[in-house]
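Chemist: Got a predicted structure plus its sequence, pasted below:
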Amino acid sequence: MVLALVLVILAVGSVIFHIWTPWYSTPIASNWGSIDFAIDITFWITGVAYVIILVFMAWCIYKYRYRPDRRADYEPENHRLEWWLTGITSVGVIGLLTPGLLAWNDFVTVPKDALQYEVVGKQWGWNFRLPGKDGKLGTTKIKFISDDNPFGINPKDPNGKDDVLIEDDDLHLPLGVPIKMNLRSLDVLHNFYVPQFRAKMDLVPGMITFFWLEPTRTGTFDILCAELCGLGHHAMRGTVVVDDKTAFNKWLQQQETFATLYPKAAAGDTQLADNIKGPEKTKTVLSSREISSKKLVH
């Protein structure tokens, strides 16, 4: 009897806590209300199932409690009950999956007129790249990354000369414009996340991932890394500012391009590490072999 009462209190308390919880979602600031809808559907289905199961368990504990004047019946199979449970479970699973699949389809279907942005993650900070006047981002390669070219922009690609480079954790977005975020990591796994946008995606080393969004209100929001990426993970934060058209254009005019910020790299004058030849490289290789030999001897 006590256990049955505890289960009922647990079910009622869970519902009350969910209604008056101190944890709540931040006000949405993008087009991804469908993600909130999918979460709400998940809460309703799992919440109703949770309460029904707890109340049913409490009823069974009370109804079929031990009494000396009766014995339990052995019924190993009940086909009717199994069909009911299979049908109800199937409906619940479909209800859980369908909203998420529909939202995901929209999430990866980028509008053709979306602006191309790039987010570059590294331990432990964010850099950003915006297209210049040509509206196109230049191509990048790992071998071009250096102190004179931290984004690894291909100097032979004319589309990269006017790319706007933001070597800061402060990104500005225009209001009401669809934006495709191309995500790139320079070291380990990161995750670009702005809670108010309801949009997040992993930055996977060696590949470019993406998602898109359309800001729906102006404001300043925090950028978080939602993937444990090392000791400084907690400090990998940034700021995204959604501006109206006038304010955004004013901010954009104050930013530096690849050609003005790194003129030598943009002109292809810097030497690539992969292209180093001659005695210095040979000496480095021989030194490595000598070290390996000494380790084997010892």
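Modeler: Thanks, I have the structure now. Treat the numbers as computed from the prediction; the structure is a model and nothing was measured. Numbering: from 1, shown residues only.

Chemist: Show me which residues of stretch 38-56 are buried.
Modeler: Residues A38, I45, Y50, V51, L54 are the ones in stretch 38-56 that count as buried (16 or more other Cβ atoms under 10 Å). Where C-beta positions appear, they are placed from N, C-alpha and C, glycine not excepted.

Chemist: isn't D157 right next to L137, touching?
Modeler: No: in this structure, D157 is not within contact of L137 by Cβ atoms under 8 Å, at 9.2 Å.

Chemist: With neighbour numbers in mind, choose between the two.
Modeler: L137 (23 against 15; other Cβ atoms under 10 Å).

Chemist: Now do the contacts for the more buried one.
Modeler: Applying Cβ atoms under 8 Å, 6 or more residues apart in numbering to L137 gives the contacts Q116, E118, R129, P131, N159, G160, D163, N182.

Chemist: just the buried residues of stretch 38-56 now: which is nearest E214?
Modeler: The nearest member of the buried residues of stretch 38-56 to E214, counting by Cβ to Cβ, is A38 at 17.9 Å.

Chemist: Would you check that the closest one makes contact with G95?
Modeler: No: judged on Cβ under 8 Å, A38 makes no contact with G95 at a distance of 10.4 Å.

Chemist: re the thing from before, any idea which of the contacts of L137 is closest to T257?
Modeler: Using Cβ to Cβ, these come closest to T257 at D163, 6.2 Å.

Chemist: Which residue, neighbours along the chain excluded, lies closest to that closest one?
Modeler: F258 (4.7 Å; Cβ to Cβ, 6 or more residues apart in numbering).

Chemist: need the buried residues of stretch 38-56 in JSON lines with pLDDT, can you?
Modeler: JSON lines is the format used below for the buried residues of stretch 38-56 (pLDDT from 0 to 100):
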{"residue": "A38", "pLDDT": "91"}
{"residue": "I45", "pLDDT": "92"}
{"residue": "Y50", "pLDDT": "91"}
{"residue": "V51", "pLDDT": "92"}
{"residue": "L54", "pLDDT": "91"}
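
Chemist: So which residues of the stretch 1-150 of the chain form helices?
Modeler: 2-19, 33-63, 79-108 (DSSP state H, counting those that start in this stretch).

Chemist: how about the ones you listed in TSV, adding distance to F210?
Modeler: TSV is the format used below for these (distance: least, Cβ to Cβ, whole Å):
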stretch	distance to F210
helix 2-19	34
helix 33-63	16
helix 79-108	8
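
Chemist: Tell me which of these lies nearest to D168.
Modeler: The closest of the helices of the stretch 1-150 of the chain to D168 is helix 79-108. By Cβ to Cβ, the value is 27.3 Å.

Chemist: quick one: buried residues of stretch 230-247?
Modeler: H233, M236, G238, V240, V241, V242, D243.
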